[in-house]
Every structure is written in C-alpha cells, then in structure tokens.
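Engineer: Sequence first, predicted model second:
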Amino acid sequence: MDNINSQFAYETHQLMEGNSLRLSFSGEFSPDLITVLLLMARSNIGGKSVMKKVYNIMIECLENLTKHALKNEGDKFPAMFVLGKDDDFYYLATGNKILKEEIEVLSNKLEKANSLDREGLRNWYNEILMSEQNLSNKGGAGLGIIDMALKSGEKFDFSFEDIDGKSSFFTLKLKVKDIE
Amino acid sequence: MESLRIEKGDTTPRLDFNTESMEFLLEGECRPENVLTYFEPVMKWLAKFAEWAPKDAPTKKLDFHFKLEYYNSSSAKFIFNIFKILKKIQQEGVDVTMYWFYDILDEDLLECGQEYEKILDLKFEFVALQD
C-alpha cells in the first residue's frame, strides 16, 4: 500500500479523466453490487434513448461477471467493469479470469456474433429461444452475447491474455453510439 | 381456480395473473438472481391454468399486460415459454390479446415485442409510454 499517496490519487484521477471513465470497479461482483452500480450508472448516463441501451447492456455485462468470473482462493480482484464515454460513444468493458478450456467456445461465439448482421443476429437469437435446450449449469440461456450485440449495434472487441498454465484474463469491450 | 400474485422484489417484477377478471400483468424489472427459483412456480401454475381456462374460465377472453421495462437474457426463455402457453390456450378457444407496453425511447423493447408477435402469431397491441 506504500504507493498509495497523493500522487497516486492524482495519477488515478488523470487516468480516469484521460480515458473518459465515468465509472469503474474492480473486485468481486455480487447481485447487491450490481444494484449499486446500476444506480450510479443511471445518474451518469442521462435520460436519452441511449441510456436504455447502455443500462441494459450493462446489466448483462455485470451478470456475466457474477456468473462466469473465475475466482481462485484468496483472489480479491477476480473481475473488473468500466463505463466510459467520449464524444461519439459510450464504452462498456469487462475483464475477468477464465479457465483456458473455456476460451474456444467463448471466442467462437463472439466471432460468430461479429460476423452477423442484425437480421442474422435476430435469427440466431430466435433459434435459441425456440429450441428446447435448457439453461446451462450457470443459469445462462446462451442468449446474453447475442442480446448485447443486438442492443449495441457494434462489433465486440475482445482478447485473452495468458495468466498461467490454467487461466487467462478475458477482456470484452462494447460500444454504443451516442445519439443526440 | 386461484389467482397467482407475486409482489415486486428488488430484481423481480410484480406478477398478477387474475383468474376472475382474466387480466394478467407483469410489471417492473426482471433479472432474478436465480431464474429457476422465480419462474418454476409460475410455469407450474400456468400448466394448470392451461388445463382449466379453456373449459372453466369465467370469460373466454384473456388480456395480458406486459409492462416489463427490462428482462435479462436468462429470463427471455421463460417469458417465451409463458407466451407459448398463452398460444396454446388461444388455440383452445380463449381469445388472447397481448398488450405490450414500452417506453417510447426504448426501441429495443419494441423490437423484442414485434419479434414475439412474428414467432408466436398471437394478437399484439403495442402501447408506447411517454416519459
């Protein structure tokens, strides 16, 4: 904790301001925390139609973090969330540890979402909705990524960084065009 | 048959499925911590309702007021299953109308309703709410 001095606070502030960060949290995500972050985001987004989109995508992002972030014992910072804004876009980014064996399925799904246009995404969504397939053991229906892609109208930006032999750090960034 | 009522929770909607007036309501936000815990009793109740309504309902007309402002992707599947049961009831002679309320600024929610209308071939009325 020695490097937390006034300079650190100033640098953190500069970093957040420089990247137009409105809201950021790093730690363990719980349903109660989601409620608090949503309240904070509401006061940061304003009252336009874009607010609905950002708010809805944000819920989906945060729920993913509570469901899918890998938490090793003693791990205080298994996941992070960031909401930023520049002149044209809102940005939502998440980061969390995952098991290496989960990368392939996740990355295929994100690439498929990026390759489809709106109608393609709709059809894919409806296909899953109408299938008799049940919820995964984490309570997901498999609709989350498609839903986020439909609402954002933009492509996913994502990466996987090696942490160790077993796990990777998964980052996902989405943007939403700010329409006046 | 008894009506089904569930009070609004922090992350769950108000639900009022009234078997006397045959007015159904879902209102608020739907992002339950555990979707199964929330929806399983609802689906069980609806399965019984689907047996009962075509024969014994006081009126063979059902109005569903869909007033969810938000539902998460894990709830979507259950909502679709609720609508499928309504569709079945309709095929057995109950006149079902879906009133789909949406904030005029929320084009995504309107689009979701239009998709359900297309897939299910139920009667939808879209009601735009001004802020």
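Structural biologist: Sure thing, it's come through.

Engineer: List the buried residues of stretch B:121-131.
Structural biologist: Residues B:122, B:124 are the ones in stretch B:121-131 that count as buried (16 or more other Cβ atoms under 10 Å in any protein chain shown). C-beta here means a position set from N, CA and C on the backbone, and glycine is covered the same way.

Engineer: Tabulate the CA atom coordinates of that stretch in CSV.
Structural biologist: Included here for stretch B:121-131 are C-alpha records, laid out as CSV according to Å, rounded to 0.1, in the frame of the first residue of the first chain:
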residue,chain,number,x,y,z
ASP,B,121,-48.7,-15.4,-34.2
LEU,B,122,-50.6,-14.0,-31.2
LYS,B,123,-52.6,-10.8,-31.2
PHE,B,124,-50.3,-8.0,-30.1
GLU,B,125,-51.2,-4.4,-29.3
PHE,B,126,-48.2,-2.1,-28.8
VAL,B,127,-48.7,0.8,-26.3
ALA,B,128,-46.0,3.5,-26.3
LEU,B,129,-45.4,5.2,-23.0
GLN,B,130,-44.3,8.8,-23.0
ASP,B,131,-41.8,9.8,-20.3
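
Engineer: roughly how far out does it sit from the chain middle?
Structural biologist: Distance, stretch centre to chain centre, for stretch B:121-131: 13 Å (Cα atoms, centre = their mean, to the nearest Å).

Engineer: pretty sure A:Phe81 is touching A:Glu60, no?
Structural biologist: No - using Cβ atoms under 8 Å as the test, A:Phe81 is too far from A:Glu60 to be in contact (11.6 Å).

Engineer: Can you pick out the residue with more neighbours from the two?
Structural biologist: Taking neighbours as other Cβ atoms under 10 Å in any protein chain shown, A:Phe81 and A:Glu60 compare with A:Phe81 leading, 24 against 21.

Engineer: so that one bridges to which residues?
Structural biologist: Counting by DSSP bridges, A:Phe81 is bridged to A:Phe25, A:Thr94.

Engineer: which residues touch it?
Structural biologist: With contacts taken as Cβ atoms under 8 Å, 6 or more residues apart in numbering or on different chains, A:Phe81 has the following neighbours: A:23-26, A:29, A:37, A:61-62, A:65, A:92-94.

Engineer: Next one: it from chain B, what distance?
Structural biologist: Using Cβ to the nearest Cβ, to the nearest Å, we find A:Phe81 at a distance of 16 Å from chain B.

Engineer: Distance of that residue relative to A:Asp75?
Structural biologist: Per Cβ to Cβ, to the nearest Å, A:Phe81 is found 16 Å from A:Asp75.

Engineer: Could you tell me which of the contacts of A:Phe81 count as buried?
Structural biologist: Neighbour-count burial within the contacts of A:Phe81 applies to A:23-25, A:29, A:37, A:61-62, A:65, A:92-94; the criterion is 16+ other Cβ under 10 Å.

Engineer: just curious, which of the residues you listed is nearest to chain B?
Structural biologist: The shortest distance between chain B and any of the buried ones among the contacts of A:Phe81, using Cβ to the nearest Cβ, involves A:Leu62 and amounts to 9.6 Å.

Engineer: just checking, the closest one touches A:Ile34?
Structural biologist: Yes - under the criterion of Cβ under 8 Å, A:Leu62 lies in contact with A:Ile34, with a separation of 4.6 Å.

Engineer: Spell out which residues of chain B are next to chain A.
Structural biologist: If contacts are counted using Cβ under 8 Å from any Cβ of the partner chain, the residues of chain B sitting beside chain A are B:10-11, B:31, B:33-36, B:70, B:72-74, B:76-77, B:80, B:103, B:105-109, B:115, B:119, B:131.
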